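Asks: Give me a 3D structure for the following:
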Amino acid sequence: MDIGLTEEQVALRDVVRTYARRELAETYLERARVPKFPWAEHRQVADLGVLGLLAGEEWGGSAELDYVACGVAMEELAYADFNIANCVLPPLIISSILREHGSEEQKERWLPPLVAGESMVALGLTEPDSGSDAAAMRTVAERTATGWRLDGEKTSITAIPFAEAAVIFARTDKSWGAGGVSAFLVPLDLDGITMGAIADPGWLPVGRGTISMSGVELPASALIGTEGDGFRTVMRNFDFTRPLLALTAIGAAQATLDETVEHVRRRPAFGSTLSRFEGI
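Replies: I've put the predicted structure just below:
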């Protein structure tokens, strides 16, 4: 098995690395201190092709889906700006879900702006009492004459303070356990929706928050994929997000190590440099 990078992946790595270290590294702390989504930088990352890696060529993305390339890009971005790297994660997850399960209407409306870095769609799965345990989910979607009615609460949603819509998971069949959960594409300006921000000590440019839904009316077209298949849909996509999150940590750790090595090589102390001392 060849576990090395392809020529295309190496080319993407080099392009993202050059951009990140030249344009992001020096101004990382300026952005990290402010609860403001970095839209200008997000669009620049989109211009490099990163946000379209899982969207499909028809929607402005790559011709071939490349999960390894996603990891390569996020690691390189995190080396320079941990927050910018994590702003990439929601578009990758959502574009993957919509490409595989979304209707043509949903794809046409949301994939182009996601790939272009012009819009954000969040993922609403976690709940205050049950976390990501779908079998214990309390958010419900009930059928109406025109579609669905949503009631419930989600928490710890990445990028929700800056999102235009969210993929919300709700129980549509109480007797099916995790199999009774469906996914809905929900614009966040609908009546009955209240959003709140979580005051994190970090993660400020990415944002994290809550969404409360009370009698939110949705058209039938809001359903993503098949009724009752929502949890399986998201778990298939979570499989690749776990290593992506780990790679952002690795990228940041590598930057820290590199900065430390450079510091001890240059820092004078007791007539020498720190690097000359055995303990260092």
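Asks: Need the nearest residue in space to residue 172, chain neighbours excluded.
Replies: residue 182 (4.4 Å; Cβ to Cβ, 6 or more residues apart in numbering). For glycine as for every other residue, the C-beta is placed from the backbone atoms N, C-alpha and C.
Asks: same question, residue 113
Replies: Using Cβ to Cβ, 6+ apart, the nearest residue to residue 113 is residue 119, at 3.7 Å.
Asks: low-scoring stretches of the chain, by residue?
Replies: In the predicted model of the chain, residues 1-2, 175-178 satisfy pLDDT under 70.
Asks: what sits against residue 80?
Replies: Residues counted as contacts of residue 80 (Cβ atoms under 8 Å, 6 or more residues apart in numbering) are 20, 21, 23, 24, 25, 28, 255.
Asks: and which of those is nearest to residue 209?
Replies: Nearest to residue 209 among these, counting by Cβ to Cβ, is residue 28 at 22.7 Å.
Asks: so is the closest one in a helix, a strand, or just coil?
Replies: helix (DSSP: H, G, I helix; E, B strand; the rest coil).
Asks: re earlier: wasn't the residue nearest to residue 113 part of a strand?
Replies: No. Counting by three-state DSSP, residue 119 is not found in a strand; it is coil.
Asks: All the strands of the chain, residue numbers only.
Replies: Along the chain, counting by DSSP state E, strands occupy 121-124, 140-143, 147-158, 165-171, 181-187, 193-197, 208-219, 223-224, 268-269, 272-273.
Asks: list the helices and strands the fourth one packs on?
Replies: Read that as strand 165-171. strand 121-124, strand 140-143, strand 147-158, strand 181-187, strand 208-219, helix 230-266 (3 or more Cβ pairs under 8 Å, 6 or more residues apart in numbering; DSSP states H and E).
Asks: Tell me the helices and strands packed up against the fourth one.
Replies: Taking 3+ Cβ pairs under 8 Å, 6+ apart as the contact definition, the neighbouring helices and strands of strand 181-187 are helix 89-101, strand 147-158, strand 165-171, strand 208-219, strand 223-224, helix 230-266.
Asks: Mind doing that once more with 6 Å?
Replies: strand 165-171, strand 223-224, helix 230-266 (3 or more Cβ pairs under 6 Å, 6 or more residues apart in numbering; DSSP states H and E).
Asks: So what are the sheet partners of the second one and their directions?
Replies: Partner strands and pairing direction for strand 223-224 (DSSP bridges) are strand 181-187 (antiparallel).
Asks: Make a markdown table out of the helices and strands packed on strand 181-187 and add distance to residue 129 and mean neighbour count.
Replies: Shown next, in a markdown table, are those (distance: least, Cβ to Cβ, whole Å; neighbours: other Cβ atoms under 10 Å):
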| stretch | distance to residue 129 | mean neighbour count |
| --- | --- | --- |
| strand 165-171 | 13 | 26 |
| strand 223-224 | 24 | 22 |
| helix 230-266 | 17 | 15 |
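Asks: okay, the ones you listed in JSON lines with distance to residue 124 next?
Replies: Below are those laid out as JSON lines (distance: least, Cβ to Cβ, whole Å):
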{"stretch": "strand 165-171", "distance to residue 124": "4"}
{"stretch": "strand 223-224", "distance to residue 124": "12"}
{"stretch": "helix 230-266", "distance to residue 124": "10"}
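Asks: Ok, which of these comes nearest residue 127?
Replies: Once the helices and strands packed on strand 181-187 are compared by Cβ to Cβ, strand 165-171 is nearest, at 9.2 Å.
Asks: Give me the contacts around that closest one.
Replies: 121-125, 137, 139-141, 150, 180-181, 183-188, 230 (Cβ atoms under 6 Å, 6 or more residues apart in numbering).
Asks: Centre of the chain to it, how far?
Replies: How far strand 165-171 lies from its chain's middle: 15 Å, per Cα atoms, centre = their mean, to the nearest Å.
Asks: ranking the contacts of residue 80 by neighbours, who comes first?
Replies: Counting neighbours by other Cβ atoms under 10 Å, residue 20 leads the contacts of residue 80 with 27 neighbours.
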